[in-house]
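Asker: Need coordinates for the below:
(chains A and B)
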Amino acid sequence: MENPFSEGENRVIRPPATALVIFGATGDLTKRKLIPALYNLAHDDYLPSCFVVIGAARTKLTDEQFRNDVLASVKEHSRRPVDEKVWARFAANMYYQPVDGSVADDFAKLRNRLTQLGQERSENLNYLYYLSVAPEHFGPIAANLKHAGLVEEPSSGTRRTSLIIEKPFGHDLESARTLNAIVRGSFAEEQIFRIDHYLGKETVQNILVLRFSNGVFEPLWNHNHIDNIQISVCENIGVGSRASYFDNSGILRDIVQNHLLQMLSLLCIEPPLSLSDANSIRDEKVKVLRAIKRFSLEEVATSTARAQYSSGFIDGQPVPGYRGEKGVRPDSETETYVAMRLEIDNWRWVGVPIYVRAGKRLPRRITEITIYFKKAPSSIFRGRQIQDLEQNALVIQVQPDEGIAFRINAKPPGPRLRVRPVDLDFEYGDSFAVPSAEAYERLILDSMKGDATLFIRDDEIEEAWDLLTPVMRAWGEDGTIAPPLYHYEAGSWGPSAAAQLLRPRGHRWRRL
Amino acid sequence: MRSVAPRPQSEVEVTKRVQASLPSIQRSLQDLFEQMQKSDDEQMLQRAAAANLVVLVSSAARLAAYTEVVATLCRVHPCRLFLFYFDESLSEPRVETIAQCHRVAGGSAVCTESIVIGAARAHIPRLPSVLRANLVASVPTEVVLSGFDVPQEMLDLVLPIADRVLFSSETFMRRFSALAQLRERALQMIDLQWVAVSPWRGLVKALFDLRAGREVLYSLGEVRIRGQHRTGLPLSAVQLLMAGFVADRLGLHLDEQAEARGLVVLTHSPHFEKPILVRFEDGGESGDENPVLQAVEFVSRDTRSPTQRVSVIRDGPARALESRIDPGPQFRSLSPIEGESVDELIERYFMVGESITNYPAALAMAMRMATCLGMP
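Answerer: Model (predicted):
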């Protein structure tokens, strides 16, 4: 725990007493991400002084069995090793309650359990429900919570009750609106925390700090000085155990609609009125999403590229093509790679192409934002044309190694006047000598505090779907005008069609 | 006159190497670096990331000869280094990671990470994914070729990602035409033999800055280029490149009338009334050493011309290059010889740099001359 007597430092504000109910407690996300995140928060002493976790799922488990499962998850997935004292304190507040999301009686039992745990601790616990389940269960669970009296009105002043939901937030605009309406039938919008774990990453949050705390960048942050922006979300893994879900979604829905557009909107927002008010930032993000130029169906063919991986090698090891993956239809036309050229049609960004790409089975796992600045107006260096000089580039690396680099041109030592690009580097691990917390740690903590800044509002979801609607339509129903589904070798950087998107403006993808 | 920049105050301080596998290279490098940090906790260690250097060696047998080259590259050009060699006896690719840290000014150390991969030709399709996964992002990728006999499949995979290719054209002398594919790919070509002739080019230029030197051009009849050659070869790459440079700068060209008689090539130019001979003279065998130029002479065909000969001649005992304008001499100057071994050329290129503005045209002319001479 940080020293509360530190001069000039904000004291850590612990969240109020909270009961966290995880629906889908036996699922993969809970084991790999949620439980390790909670353990690390406990380890760092960030959890509320009164905190209980109730695992809820259809499986019949005892509290003890659940704790054993939790311990196994922590051992396997936590970034910190198990500390016996921390574990003992953490495990003592873990419980399990069998709940079928569609059975009202189970929610009555859950209510009794929550009441009992609060009484045992003489605390008025806030209730935080984490739906780590498929979206079709959101509606029934939210409704049953409401019917069981487990949802308080935000203005009631008794306890705070909140709901965390995970993507996918719908399959298209219509289903997203339906889903939002269903969830809002039981919870007010301010009680709903839609999680996109990218927003919990230090570097993504650092975009705001970088832009709005450094006098040097903000004056340059516009079409007068920025040449183009590139956002890449690259994975070297295939679809793994998510094959059946992915094959019905594709990477446009899985990555672009959420992670990628969230990073883009944060990168391009106008200065928010305040960072302490969640809606200030979210209002600005929505404006960006709304200002992104919508494609006509014809433009989809010239501004997007889609592809699917064929067999190849990753790190020298043979891997099957997408259609050969277990759980994927052998004739699947689902895209595993997408590249798009976007434009934000507003005063700040007009004319700046924003290139985004996301893909699976690429050579390495890397997520990166690169801002290319315009070149110097002319070259005064003999034998070097202006086109030979590298552009300044600000690189925000989101994963795996979070950090920021700024590329400048410099003169190498020696008697000749030469020009060579060099990077000014900042890496979280090196500069702050502590590893970054996992994204889920930050987001769970914020949700316990009721801070929705790093969560997605309903209108953001809907704007993102609206933007992609013509793309999905062209790729799907109106297949005649869609760009073809290209194939790329696993372990390559995607189809050459993606490079063509940048060619009209003389740009190239940053080499990752 | 230019000189080699002083060698940086550096030496190899720590070297660690471990066996790895293709998928574990990244992890292995990380572990290696962490181990080195622990063993050198008083010093700041930095992982070099200014460039990627991909060295392609045609066979395991040639690997030993490249050990020193690689060590020099690591010292003068901190980078992430990939060394591929080809060995048909390997049933699986063999991977080794090596970190070499050099102390630099201020007490900190820069570590070059090397990934050495031995592979049979059958493994080549597996290698691009390894390379792509481990390259340092968005820094120049430079490819070093050991010679013309690197497997073509590997060249096809690696050259598309190269920003520059570094080689010695001397290692292409048994198939000089193989350089054509490098030219066609519009890569920036760094030829160590071009670096080798750099002082010669500078001295020739300086001679023709003088009015007396320029006199010979009005009646130029012959350009003689004398150099060493390796056993079994008629001449050396430095001779061809120097000839190519001279021919290009004088606007000479070879056309249908061009012919080779022994080691003499006839060149024509609209600027000169009569053909000009470019004569390659035998300066003896160089043994295992990198062949060097012995002399470059511009000779007038007009015996009444005030300037009969402009030349740059190696003075071996004096370790100098002598620039002369004869008769007289009207001008004479000595310049110390710069290092000419492959290692020294690499060092000179990376520490001093080299202008390659005229290289493509000089190489094109050199290649045409080689064809005229009947070289493969």
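Asker: Could you list the contact residues of the stretch 101-250 of chain B toward chain A?
Answerer: Selection of the stretch 101-250 of chain B residues close to chain A by C-beta under 8 Å from any C-beta of the partner chain yields B:125-130, B:132-135, B:137-139, B:141, B:161. Just so you know, the C-beta spots here come from the backbone N, C-alpha and C atoms, and that holds for glycine as well.
Asker: Can you say which of these are buried?
Answerer: B:125-130, B:132-135, B:137-139, B:141, B:161 (16 or more other C-beta atoms under 10 Å in any protein chain shown).
Asker: Tell me how chain B divides into domains.
Answerer: Annotated domains of chain B cover B:9-162, B:196-372 [automatic domain parsing].
Asker: picking up where we left off before, in terms of model confidence, name the weakest of the residues of the stretch 101-250 of chain B next to chain A.
Answerer: Lowest pLDDT within those is found at B:S138 (79).
Asker: Let me know the secondary structure of that residue.
Answerer: Put simply, B:S138 is coil when judged by DSSP: H, G, I helix; E, B strand; the rest coil.
Asker: measure the most centrally placed residue in chain B to B:L345 for me?
Answerer: Nearest to the geometric centre of chain B sits B:L192, at 1.3 Å (C-alpha atoms, centre = their mean). Noted for B:L192: a distance of 4 Å to B:L345, by C-beta to C-beta, to the nearest Å.
Asker: what do those two both touch?
Answerer: Counting by C-beta atoms under 8 Å, 6 or more residues apart in numbering or on different chains, the contacts common to B:L192 and B:L345 are B:S168.
Asker: before we move on, the earlier item: mean pLDDT lowest for which of the domains of chain B?
Answerer: Among the domains of chain B, domain B:9-162 has the lowest mean pLDDT, at a mean of 82.
Asker: In the stretch 151-300 of chain B, what residue comes closest to chain A?
Answerer: Proximity of the stretch 151-300 of chain B to chain A (C-beta to the nearest C-beta) peaks at B:I161, 7.7 Å away.
Asker: Whichever residue of the stretch 301-450 of chain A sits closest to chain B: neighbour count?
Answerer: Nearest residue of the stretch 301-450 of chain A to chain B: A:G316, at 3.0 Å (C-beta to the nearest C-beta). Neighbourhood size, A:G316 [other C-beta atoms under 10 Å in any protein chain shown]: 24.
Asker: Now do the contacts for it.
Answerer: A:G316 sits next to B:L22, B:P23, B:P93, B:R126, B:L127, B:S129, B:V130 when contact means C-beta under 8 Å, 6+ apart.
Asker: For the stretch 151-300 of chain A, what lies in contact range of chain B?
Answerer: Going by C-beta under 8 Å from any C-beta, the residues of the stretch 151-300 of chain A near chain B are A:N236.
Asker: where do the strands sit along the stretch 151-300 of chain A?
Answerer: A:161-166, A:192-195, A:226-234 (DSSP state E, counting those that start in this stretch).
Asker: Redo those as CSV? Include mean pLDDT and mean neighbour count.
Answerer: Converted to CSV, those look like this (pLDDT from 0 to 100; neighbours: other C-beta atoms under 10 Å in any protein chain shown):
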stretch, mean pLDDT, mean neighbour count
strand A:161-166, 94, 23
strand A:192-195, 94, 23
strand A:226-234, 97, 22
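Asker: how long is stretch B:179-190 from one end to the other?
Answerer: End-to-end distance of stretch B:179-190 (C-alpha to C-alpha, to the nearest Å): 12 Å.
Asker: Might you report the residue contacts of the residue in chain B sticking out farthest from the centre?
Answerer: Residue farthest from the centre of chain B, counting by C-alpha atoms, centre = their mean, is B:R304 at 40.7 Å. By C-beta under 8 Å, 6+ apart, no residues touch B:R304.
Asker: Quick check: it is in a strand.
Answerer: No: counting by three-state DSSP, B:R304 falls outside a strand, being coil.
Asker: Give me the below-cutoff pLDDT ranges for chain A.
Answerer: By pLDDT under 70, the low-scoring segments of chain A are A:1-13, A:382-387, A:428-436, A:477-480.
Asker: Up against chain B, what does it have?
Answerer: A:236, A:312-318, A:363-364, A:366, A:368, A:370, A:383, A:393, A:395, A:407, A:412-416, A:418, A:420-423, A:490-493, A:510-512.
Asker: please redo it, this time with the cut-off set to 7 Å
Answerer: Residues of chain A lying close to chain B by C-beta under 7 Å from any C-beta of the partner chain are A:312-317, A:363-364, A:383, A:414-416, A:418, A:422, A:491, A:493, A:510-512.
Asker: Just the buried ones from these?
Answerer: Here, 16+ other C-beta under 10 Å leaves A:312-316, A:363-364, A:418, A:422, A:491, A:493, A:510-512 buried among those.
Asker: Which ones among these map onto strands?
Answerer: Among these, the ones falling in strands (DSSP state E) are A:G312, A:F313, A:I314, A:V422.
Asker: From what I see, A:G327 and A:S244 are in contact.
Answerer: Yes: with contact defined as C-beta atoms under 7 Å, A:G327 reaches A:S244; the gap is 4.9 Å.
Asker: How far does stretch A:481-501 stretch from one end to the other?
Answerer: 17 Å.
Asker: ok now it, how far from the chain's centre?
Answerer: 24 Å (C-alpha atoms, centre = their mean, to the nearest Å).
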